[in-house]
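# below is the structure, and that's it, no one-letter string:
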């Protein structure tokens, strides 16, 4: 189920954690890499995502209350 643009939740994928739609890349991984100092472009290359997908994960994390 798409919960935000480019972000999906499916109990069968990554234990129901939010992931980049069409991948198994968790939003929390993307955010962690950005927080660790990786650039948007480097995260995109490393996980075979687009800049739009990486920025969507950032936007989703910013708009979602902690713990959800």
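Ah, there it is. Computed from a prediction, not measured in an experiment: that's the story for all the values here.
# in the one helix or strand in the chain whose mean pLDDT sits lowest, which residues are buried?
Averaged element by element with mean pLDDT, DSSP states H and E, the chain has its least confident helix or strand at strand 2-4 (a mean of 91). Residues residue 4 are the ones in strand 2-4 that count as buried (16 or more other CB atoms under 10 Å). The C-beta positions use only the backbone N, C-alpha and C, and glycine is treated the same way.
# other SSEs contacting that strand?
Strand 2-4 sits against helix 51-63, with contacts defined as 3 or more CB pairs under 8 Å, 6 or more residues apart in numbering; DSSP states H and E.
# buried ones in the helix it packs on?
Taking 16+ other CB under 10 Å as the criterion, helix 51-63 shows 53-58, 60-61 as buried.
# which one of those residues is nearest residue 14?
Out of the buried residues of helix 51-63, the one with the shortest distance to residue 14 is residue 57. That distance is 13.1 Å, counting by CB to CB.
# spatially nearest residue to the closest one (excluding sequence neighbours)?
Taking CB to CB, 6 or more residues apart in numbering, and ignoring the residues beside it in sequence, residue 57 has residue 30 as its nearest neighbour in space, at 4.1 Å.
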